[in-house]
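[1] no FASTA, just this:
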Ligand SMILES: Cc1cc2nc3c(=O)[nH]c(=O)nc-3n(C[C@H](O)[C@H](O)[C@H](O)COP(=O)(O)OP(=O)(O)OC[C@H]3O[C@@H](n4cnc5c(N)ncnc54)[C@H](O)[C@@H]3O)c2cc1C
């Protein structure tokens, strides 16, 4: 069997893995990326947050983003159940920086751009190879067993492995580390429209969040070439109440939401209907000896505020810097990643509190800001992705309107238990 030695193995070439590998390769590390698909490949998650600008800038990709055909996203707007549109929340009105204007991306192209960049920075990217198991030795991960599309078994050895496998949750699923969020247990059904309606002017590329009963919601995300991504998120029981057929359920919800109904009426539904559950979870651990988790492979949060890609890009950056320092110090123990885990948790927790408030029937951003006008800057920071700062005063004030959850106790390094998975 072919076996190769590296500084770092990255499993997964999505935004998290591509960012981590590009940063590590730029620092001169020998990095191999194992990606099971052949890019470009389809992926959901098209709306970026303004703070994506900073990791993209570090990767040197802002000129490519500016030259791309991705629609510009200047704002997010909310639509009531009756179809009434709120005044759009324009990021540039709250933040005087070119990063305030972001993009709606076709993930096949965006992810390809990130992975190409990783190659250009010097990472070895192998596509159509699936990581099958971790190789453990003396309580530490020392490599990965993988198999190519043609069935060839391969081994990769390295003192550090980064799990960036997204919602496939490579390490989580093999070690039983998944902890679901009991409150955020929705499902999503989505599809695409050609030539659906665009709002005029600056609002052409806006993300629209349109409410459905019981705090469910639609996303409406304009994409290149006249395509629009339109999805509905709600409780499983609500969506499946009178049918199991995805198209029937979806079209029933479209017909009941006046703004969405009007906007898709002139468009052509194209392609399949997609569905997913597993809406919010976190890993019990962010690291084991020789192993660290990032992006959706570490945790996933309900996408109502479009935080996933940002958390993957930022997590990719952060994990790369931490892994690089760990290799330099010769300490790749789980505990070395405690600060990384705290930082990841902090960002996710800020968004999670906001998501809980969003789903609380007693909460409205309008009422909250009427009573707390000085908190507009804090709320803006949260909504644009400036998550790594103190939001305690804002969430204290929000707790008068809604139950704001306490931080989850998990997501820290695996330091006390023996390795859960062994491999001869
Ligand atoms: C319904 C829905 C809507 C969303 N909307 C948004 C949105 O509007 N905005 C936003 O920012 N985020 C959104 N997200 C979240 C966003 O899609 C993710 O947070 C983001 O893709 C995470 O990036 P990642 O690199 O961690 O994982 P991924 O992008 O999933 O990449 C993981 C990669 O790992 C590969 N892989 C998996 N297992 C293996 C293996 N064993 N071996 C080798 N390779 C493997 C996969 O093929 C994949 O390419 C949404 C998510 C959902 C489910």
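    Received it, and whenever you're ready, just let me know what you need. Nothing here was measured: the structure is a model prediction, and the numbers come from that model.
[2] can you list the weak-confidence ranges in this structure?
    Across the chain, residues meeting the criterion (pLDDT under 70) sit at 416-424.
[3] give the closest residue to the spatially most central residue of it in space, chain neighbours not counted.
    The structure's the chain has its C-alpha centroid closest to residue 308; by CA atoms, centre = their mean the separation is 1.9 Å. Spatial nearest neighbour of residue 308, excluding adjacent residues (CB to CB, 6 or more residues apart in numbering): residue 45 at 5.3 Å. All C-beta spots, glycine's among them, are computed from the backbone N, C-alpha and C.
[4] quick check: the one you found vs the ligand, distance?
    In this structure, residue 45 lies at 2 Å from the ligand, with CB to the nearest ligand atom, to the nearest Å as the measure.
[5] what's around that residue, how many residues?
    With neighbours defined by other CB atoms under 10 Å, the count for residue 45 comes to 21.
[6] now do residue 408
    Other residues close to residue 408 by other CB under 10 Å number 15.
[7] that one belongs to a helix?
    No - using DSSP: H, G, I helix; E, B strand; the rest coil, the assignment for residue 408 is coil, not a helix.
[8] number of nearby residues for the nearest residue to it once chain neighbours are set aside?
    Here the nearest residue to residue 408 in space, its sequence neighbours aside, is residue 282; by CB to CB, 6+ apart that works out to 5.8 Å. Using other CB under 10 Å, residue 282 has 25 neighbouring residues.
[9] who's in contact with residue 282?
    The neighbourhood of residue 282, defined by CB atoms under 8 Å, 6 or more residues apart in numbering, consists of 179, 181, 298, 299, 345, 348, 408, 410, 411.
[10] and of the residues you listed, the nearest to residue 126?
    Distance to residue 126, by CB to CB, is smallest for residue 298 among the contacts of residue 282, at 22.6 Å.
[11] pretty sure the closest one sits against residue 315.
    Yes - using CB atoms under 8 Å, residue 298 makes contact with residue 315 at a distance of 6.8 Å.
[12] can you list residues touching both of the two?
    Listed contacts common to residue 298 and residue 315 are residue 344; contacts here mean CB under 8 Å, 6+ apart.
[13] is residue 368 located within a helix, as I assumed?
    Yes - in this structure, residue 368 lies within a helix as judged by three-state DSSP.
[14] quick one: residues contacting it.
    When contacts are taken as CB under 8 Å, 6+ apart, residue 368 is in contact with 357, 375, 379, 397, 398, 401.
[15] residue 376 versus that one, what's the distance?
    In this structure, residue 368 lies at 10 Å from residue 376, with CB to CB, to the nearest Å as the measure.
[16] what sits in contact with each of these two?
    Where contact means CB under 8 Å, 6+ apart, no residue is in contact with each of residue 368 and residue 376.
[17] helices of the stretch 251-400 of the chain, start to end?
    Using DSSP state H, counting those that start in this stretch, the helices of the stretch 251-400 of the chain run over residues 258-265, 308-329, 338-359, 365-371, 376-384, 392-398.
[18] compile those into a markdown table and extend it with columns for distance to residue 224.
    Formatted as a markdown table, the entries for these read as follows, by distance: least, CB to CB, whole Å:
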| stretch | distance to residue 224 |
| --- | --- |
| helix 258-265 | 17 |
| helix 308-329 | 16 |
| helix 338-359 | 27 |
| helix 365-371 | 30 |
| helix 376-384 | 23 |
| helix 392-398 | 35 |
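[19] winner for burial among those helices?
    With neighbours defined by mean count of other CB atoms under 10 Å, none of the helices of the stretch 251-400 of the chain is more surrounded on average than helix 308-329, at a mean of 23.
[20] that helix near the ligand anywhere?
    Yes - legend: contact between helix 308-329 and the ligand by CB under 6 Å from any ligand atom is shown at 308, 309, 310, 312.
[21] please apply the same query to stretch 343-356.
    No - using CB under 6 Å from any ligand atom, no contact is recorded between stretch 343-356 and the ligand, whose separation bottoms out at 10.6 Å.
[22] can you tell me the closest non-neighbouring residue to residue 142?
    Setting aside the residues directly before and after it, residue 142 is nearest to residue 135 in space (CB to CB, 6+ apart), at 5.5 Å.
[23] next to the ligand, which bits of the stretch 301-424 of the chain? Give me the list.
    Counting by CB under 6 Å from any ligand atom, the residues of the stretch 301-424 of the chain that sit close to the ligand are 303, 306, 307, 308, 309, 310, 312.
[24] thinking again about what came up before, adding distance to residue 102, write the contacts of residue 368 out as a markdown table.
    What follows is the contacts of residue 368, written out as a markdown table (distance: CB to CB, whole Å):
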| residue | distance to residue 102 |
| --- | --- |
| 357 | 23 |
| 375 | 23 |
| 379 | 17 |
| 397 | 27 |
| 398 | 25 |
| 401 | 28 |
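[25] which of those sits closest to residue 25?
    In terms of CB to CB, no member of the contacts of residue 368 lies closer to residue 25 than residue 379, at 37.3 Å.
[26] gap between that closest one and residue 176?
    According to CB to CB, residue 379 and residue 176 sit 37 Å apart.
[27] and the chain, what are its domains?
    2-70+105-180+281-346, 187-276, 359-398 (automatic domain parsing).
[28] how far away from the center of its chain is the last one?
    Mean C-alpha position of domain 359-398 versus that of the full chain (CA atoms, centre = their mean, to the nearest Å) differs by 21 Å.
[29] now do the end-to-end distance for it.
    With CA to CA, to the nearest Å as the measure, the ends of domain 359-398 fall 13 Å from one another.
[30] equivalent analysis for stretch 259-271, please.
    For stretch 259-271, the separation between the terminal residues is 22 Å (CA to CA).
[31] show me what from the stretch 1-150 of the chain comes close to the ligand.
    Counting by CB under 6 Å from any ligand atom, the stretch 1-150 of the chain comes close to the ligand at 11-17, 34-37, 43-47, 130-131.
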